[in-house]
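Q: sequence and computational prediction follow.
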Amino acid sequence: MITDLIAREILDSRGNPTVEVDLYCSNGKYYRASVPSGASAGSREALELRDNDNRFHGKGVTKAVNNINNIIKPAIINKKVDLLTVDEIMLKLDGTENKTKLGANAMLAVSLATVKAAADIDNKELWEYLSVNKVSLPIPMMNVINGGAHADSGLAIQEFMIVPVVPMFKERLRAGSEIFHSLKSLLKKDGYHIAVGDEGGFAPSLSKTTDALDYIVKAIKDAGYEPGKEVYIALDVAASEIYDKATNTYKIDNKVLTPREFLKFYVEIVDRYPILSIEDPFDEDDFDSLQMITKLLGNKIMLVGDDYFVTNKICLQKGISMNAGNAIIIKANQIGTISETIETLVLAKKNNYIPIISHRSGETEDTFISDFAVGLNIPYIKTGSLSRGERIAKYNQLLRIEEKLLRR
């Protein structure tokens, strides 16, 4: 049984407030969970409840904390430690489409803590508790160059990632680390700043997208790996951030492109570079262009919806109906509960959309997404670069899980 619930305001990796909760159970233990926050959020995401007052420049979360302590807590005390039960109670308490009453950050903290408690009470590892049958270690998509809303580099594209596909997770992590340090050396040698952005990648002041891609390809080779065979490249464009609604154009590389010109740009770089995946290639409301690029490139690469689908099964169903995209980012804080996250994941798999579990730019040391990826057999994980402790914590958890699986 749930015996107590205590929520508090903590800081995320960007120094902004977020929600943490301790859920106490009749076994005498408590289970802690914390919630991440995104810098570039899709407009259809569930509400991240902020105070909007004079504390923390308006970013305080005491409203969300109070909702947990004063509204959610009385409703779940003495209830069974069961994810579906707790999530259903919270959804009824909130009663809104986008969690505008309680806040998705409040609800997710409790949902996360509940599933952690349920796993321990069942005497199982979290990934083991979440699994239905098959489990697997995900392929990491590692953000090595930051742009867009994640850095002040001047690059329009938000994330340039490397994707090591070598066998064994520990070897993928090793490849990522070696390439990351090779890239650091190349940038430093050429006089670029090697400070890192929100997600731990470098933020050099490069003038063009292809400059960043060229550096990454060279870093892969310098580290001793073969681009397009052992290591690929993935992009998160976050195109809504560079879209001008008034003119229906995109600004990138000091050029203004129409949707069709932007599509031609994608075709050219996919032909030139070992690109495996492009996320949010057009504005989040432009499903027609997503449909068009899927028709052109969907048999070659992943066309990933993040701001398009926001881990919401209704938004995903629209993409499925239009054959727009073929992959989806899974972020629990976009929807607000773990049970709803799993529903969207199931819908994606049923319709052959490739799921990618993802962190946010404002992270905590919570490693839930690592266990989630393994237990629910999610093929890819985004959790940042090869620096910053809140990113590395997720990778290290995957190393531990792989070790346990190999011992079985």
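A: Alright, I've got the coordinates.
Q: pLDDT weak spots in the protein?
A: For the chain, applying pLDDT under 70 flags the ranges 39-42, 149-153.
Q: other SSEs contacting the longest helix anywhere in it?
A: What stands out as the longest helix in the chain, according to DSSP state H, is helix 169-189. Packing contacts for helix 169-189, counted by 3 or more C-beta pairs under 8 Å, 6 or more residues apart in numbering; DSSP states H and E, involve strand 139-140, strand 142-146, strand 159-164, helix 209-222, helix 389-407. C-beta here means a position set from N, CA and C on the backbone, and glycine is covered the same way.
Q: and the angle from the fourth one to strand 159-164?
A: Taking axes from the mean of the first three to the mean of the last three C-alpha atoms, to 10 degrees, one finds that helix 209-222 is oriented at 20 degrees with respect to strand 159-164.
Q: and helix 209-222, which residues are buried?
A: For helix 209-222, the neighbour count (16 or more other C-beta atoms under 10 Å) marks 209, 212-213, 215-217, 219-220 as buried.
Q: any chance of those in CSV, with distance to residue 341 too?
A: Output for the buried residues of helix 209-222, formatted as CSV (distance: C-beta to C-beta, whole Å):
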residue, distance to residue 341
209, 32
212, 32
213, 32
215, 35
216, 31
217, 35
219, 34
220, 33
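Q: returning to what we had before: quick one: which of the helices and strands packed on helix 169-189 is nearest residue 75?
A: In terms of C-beta to C-beta, the element of the helices and strands packed on helix 169-189 nearest to residue 75 is helix 389-407, at 31.0 Å.
Q: now that closest one and strand 142-146, what's the angle there?
A: 160 degrees.
Q: can you give me the angle helix 389-407 makes with helix 169-189?
A: Using the same axes, to 10 degrees, helix 389-407 lies at 150 degrees relative to helix 169-189.
Q: who touches the longest helix of the chain?
A: 137-140, 142, 144-145, 162, 164-166, 193-194, 202, 204, 215-216, 218-220, 222-225, 230-231, 385-387, 395, 398-399, 402 (C-beta atoms under 8 Å, 6 or more residues apart in numbering).
Q: can I get it as CSV, trimmed to CA atoms?
A: Extracted in CSV, the C-alpha atoms of helix 169-189 (Å, rounded to 0.1, in the frame of the first residue of the first chain):
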residue,chain,number,x,y,z
PHE,A,169,26.1,-1.6,-25.9
LYS,A,170,29.5,-1.2,-24.1
GLU,A,171,31.2,-1.1,-27.5
ARG,A,172,28.7,1.4,-28.8
LEU,A,173,29.4,3.6,-25.8
ARG,A,174,33.1,3.2,-26.3
ALA,A,175,32.8,4.2,-30.0
GLY,A,176,30.7,7.2,-29.0
SER,A,177,33.3,8.3,-26.5
GLU,A,178,36.2,7.9,-28.8
ILE,A,179,34.5,9.8,-31.6
PHE,A,180,33.4,12.6,-29.2
HIS,A,181,37.0,13.1,-28.1
SER,A,182,38.3,12.9,-31.7
LEU,A,183,35.8,15.6,-32.6
LYS,A,184,36.9,17.7,-29.6
SER,A,185,40.5,17.5,-30.9
LEU,A,186,39.6,18.5,-34.4
LEU,A,187,37.5,21.5,-33.3
LYS,A,188,40.2,22.6,-30.9
LYS,A,189,42.9,22.3,-33.5
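Q: gap between it and the chain center?
A: Distance of helix 169-189 from its chain centroid, counting by C-alpha atoms, centre = their mean, to the nearest Å, is 21 Å.
Q: tell me which residues in that helix are buried?
A: 169-170, 172-173, 175-180, 182-184, 186-187.
Q: need the helices and strands packed on helix 169-189 in a markdown table with distance to residue 132, can you?
A: Putting the helices and strands packed on helix 169-189 into a markdown table (distance: least, C-beta to C-beta, whole Å) gives the following:
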| stretch | distance to residue 132 |
| --- | --- |
| strand 139-140 | 20 |
| strand 142-146 | 28 |
| strand 159-164 | 26 |
| helix 209-222 | 35 |
| helix 389-407 | 16 |
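Q: among these, which comes closest to residue 88?
A: When the helices and strands packed on helix 169-189 are compared (using C-beta to C-beta), the closest one is helix 389-407, at 28.7 Å.
Q: who touches the closest one?
A: Taking C-beta under 8 Å, 6+ apart as the rule, helix 389-407 contacts 12-13, 125, 127, 135, 137-138, 140, 168-170, 173, 199-200, 359, 363-365, 367, 369-371, 373-374, 381, 383-386.
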